[in-house]
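**Q** Just need the structure, nothing else, for what follows:
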Amino acid sequence: MDFSAMPITLALIAANVIVSLIGFSNPSFVSKFIMWPYGVKRENQYIRFISSGFLHADFMHLFFNMFTLFFFGRAVEIYFSHYLLGGTAAYLALYFLGLIASDLPSYLKHSNNPSYRSLGASGAVSAVVFAAIIFDPWNSIYIYGAIKISAMLYAGLYLLYCVYMSKKGGDNVNHDAHLWGSLFGLAFTLLLIAAKQPELFNGILEELKHPSIFGR
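**A** Next up, the predicted model:
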């Protein structure tokens with residue numbers, strides 16, 4: 001595996017790990033940087049839109065997000081460079097704007113709720129995952145490492161799950177961030193392709209003509 005082809009992904013993973021490890025043993029650090037819509041609105045603490053995305057609740061939360069970012073981030077970093085879609089700058093924009101976009105609905109919904117908090121890179125990671133799916137829609141994805149389905153099927157099921165769980169609530173997971181991060185990743189990448197390399201749509205549409213439930 002050529003790690004030199006994915007320096008930004010590795011840097012993002014390192015930053016997430018370092019900041020999260022600090023937070024695991026320092027509650028005051030977490031309190032200062034976690035997403036807190038009430039504080040953002042009243043004290044202009046906009047840094048929380050970014051800083052909260054580098055904090056995680058526990059090792060499993062951190063591992064799952066970074067494991068996902070490693071595989072899908074590597075692909076997107078290569079795609080954006082290989083297809084001349086803006087390379088590093090575009091990839092960083094996808095990640096950080098995805099982080100902000102994924103938190104906006106929660107901010108608007110909970111800005112008057114002083115007890116609401118959220119954290120994690122899931123919104124940005126979802127944006128990266130859905131960006132990757134555009135380039136390889138029928139790639140195989142293994143849910144829980146065992147259930148094989150195509151990336152496109154996974155995308156549809158994931159969005160339905162996010163909408164359902166967001167309405168249901170009660171599990172202490174910010175499903176709105178997952179949903180809006182995913183949608184942002186799709187929109188950002190499609191607009192990027194349209195602006196810089198619209199001819200890529202020919203290949204993407206051709207891929208979509210040959211569906212596969214379980215991927216290839």
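
**Q** I'd like to know which elements the strand or helix carrying residue 80 is packed against.
**A** Here residue 80 sits within helix 59-82, counting by DSSP states H and E. Counting contacts by 3 or more C-beta pairs under 8 Å, 6 or more residues apart in numbering; DSSP states H and E, helix 59-82 packs against helix 7-24, helix 87-110, helix 122-135. Heads up, the C-betas are built off the backbone N, CA and C, glycines and all.

**Q** quick one: that helix to chain centroid distance?
**A** Distance of helix 59-82 from its chain centroid, counting by C-alpha atoms, centre = their mean, to the nearest Å, is 9 Å.

**Q** Report how many residues lie close to residue 148.
**A** Residue 148 has 12 neighbours, counted by other C-beta atoms under 10 Å.

**Q** ok so, going back, most tightly surrounded among the helices and strands packed on helix 59-82?
**A** Most buried of these, by mean neighbour count (mean count of other C-beta atoms under 10 Å): helix 122-135, with a mean of 27.

**Q** angle of that helix against helix 59-82?
**A** 40 degrees (axes from the mean of the first three to the mean of the last three C-alpha atoms, to 10 degrees).

**Q** Which neighbouring elements make contact with helix 122-135?
**A** Judged by 3+ C-beta pairs under 8 Å, 6+ apart, helix 122-135 is in contact with helix 59-82, helix 87-110, helix 151-168, helix 175-196.

**Q** Give the pairing partners of the helix or strand of the chain with the lowest mean pLDDT; include direction for each.
**A** Across the helices and strands of the chain, mean pLDDT, DSSP states H and E gives its lowest value to strand 140-143, namely a mean of 83. According to DSSP bridges, strand 140-143 has the following sheet partners: strand 147-150 (antiparallel).

**Q** tell me which residues in the strand it pairs with are buried?
**A** By neighbour count on 16 or more other C-beta atoms under 10 Å, the buried set for strand 147-150 is 149, 150.

**Q** Let me see the residues that make contact with that strand.
**A** Residues outside strand 147-150 that contact it (C-beta atoms under 8 Å, 6 or more residues apart in numbering): 137-143, 157, 211-216.

**Q** Write the PyMOL selection for whichever of those are buried.
**A** Of the contacts of strand 147-150, the buried ones can be selected in PyMOL as follows, counting by 16+ other C-beta under 10 Å:
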select buried, resi 137+138+139+141+215
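
**Q** Can you redo the contacts of strand 147-150 as JSON lines, where the extra columns are distance to residue 116?
**A** Below are these laid out as JSON lines (distance: C-beta to C-beta, whole Å):
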{"residue": "137", "distance to residue 116": "35"}
{"residue": "138", "distance to residue 116": "39"}
{"residue": "139", "distance to residue 116": "36"}
{"residue": "140", "distance to residue 116": "37"}
{"residue": "141", "distance to residue 116": "32"}
{"residue": "142", "distance to residue 116": "34"}
{"residue": "143", "distance to residue 116": "29"}
{"residue": "157", "distance to residue 116": "28"}
{"residue": "211", "distance to residue 116": "40"}
{"residue": "212", "distance to residue 116": "41"}
{"residue": "213", "distance to residue 116": "39"}
{"residue": "214", "distance to residue 116": "39"}
{"residue": "215", "distance to residue 116": "38"}
{"residue": "216", "distance to residue 116": "42"}
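
**Q** Which single one of the contacts of strand 147-150 is nearest to residue 199?
**A** Nearest to residue 199 out of these is residue 137 (C-beta to C-beta; 17.6 Å).
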